[in-house]
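Student: pasting the sequence and the predicted coordinates here, then a few questions.
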Amino acid sequence: MLFYRAALPLSRQTLTYTAGIIRRHRAQIGSPWRKLIPSQQALLVLAYLRKGETFAELAAGFGIGTATAWRYVSETVALLAARSPKLPKALRKAKKAGHAYVVIDGTLIPVDRVAADRPFYSGKHRKHGMNLQVIASPGGDIVWVSGALPGAVHDLTAARIWGIICELAACGLVALGDKGYRGEDDIRTPYRGRNKPASQKDANRAHARLRAPGERAHAQLKSWRIWRKPRCCPWRAGQLAKAIHVLQARETGG
């Protein structure tokens, strides 16, 4: 096997933050000594998430076993995901920040086909995957990301399952969504149908302009190359997304 040096496009601040979480966790569980020090474990996890390296590649690069690399990643991802904001707190923070609205959209995380694959097939995207609901600020920063549901779940159904509709009403926030969210007053959607009057066409264009920055949130989430080919249980996609949300917030200062 050949070895080489590589760069990781993340800040030192993110590495320090992740290492601090690991250090405090080790002290809490009484595990001060391990094969890698906290900063090395943090670097391993960041390389896994940001570059999508396999466990075998990470293990060889850091001089540990493959099982140890998997254990380090699983532990740290869980610690990071636990720090992801809960939905009520995230919406209250958005309201306090003065946002007049938020943008909601679903995204599909592709997964390998499984034995009982029918529930994981998204007819909208025509592929197998997990449905994640992402709420973004008007500027395109991630406000909140949901857990994972099978790809066949409709976006509006997913929003109801995660309690998004109720929390929007409780916070007094309006969300802008695509046509997949029709049927809820707290989510504004475009007008449908052919031969729409000019006023509705203008409203749809304005709606699209306001929703457009929400795509930036998806781009931020999917810039972490672990999503190119997730090598884990499909149900862990939500935990990975929440961990990435926490790290991305450190990168952007959110």
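Tutor: Perfect, thanks for sending it.
Student: packing partners of the lowest-mean-pLDDT helix or strand in the chain?
Tutor: The weakest-scoring helix or strand in the chain, judged by mean pLDDT, DSSP states H and E, is strand 121-122 (a mean of 84). Using 3 or more C-beta pairs under 8 Å, 6 or more residues apart in numbering; DSSP states H and E, the elements in contact with strand 121-122 are strand 127-136. Heads up, the C-betas are built off the backbone N, CA and C, glycines and all.
Student: please identify the buried residues of the strand it packs on?
Tutor: 128-136 (16 or more other C-beta atoms under 10 Å).
Student: stretch 78-97 now?
Tutor: Judged by neighbour count (16+ other C-beta under 10 Å), stretch 78-97 contains these buried residues: 79-81, 84-85, 87, 90-94.
Student: quick one: terminal-to-terminal distance for it?
Tutor: Start-to-end span of stretch 78-97 (C-alpha to C-alpha, to the nearest Å) is 28 Å.
Student: hmm, who's touching it?
Tutor: By C-beta atoms under 8 Å, 6 or more residues apart in numbering, the surrounding residues in contact with stretch 78-97 are 18, 21-22, 25, 102, 135, 137, 143-145, 162-164, 167-168, 170-173, 239-240, 242-243, 245-247.
Student: swap the cut-off to 6 Å and go again
Tutor: 21, 25, 102, 143-144, 167, 171, 173, 239, 242-243, 245-246 (C-beta atoms under 6 Å, 6 or more residues apart in numbering).
Student: still on that earlier bit, so what touches the least confident helix or strand of the chain?
Tutor: Contacts for strand 121-122 (C-beta under 6 Å, 6+ apart): 108, 128-129, 151-152.
Student: same thing but 8 Å
Tutor: Here strand 121-122 makes contact (C-beta under 8 Å, 6+ apart) with 108, 127-129, 131, 151-152.
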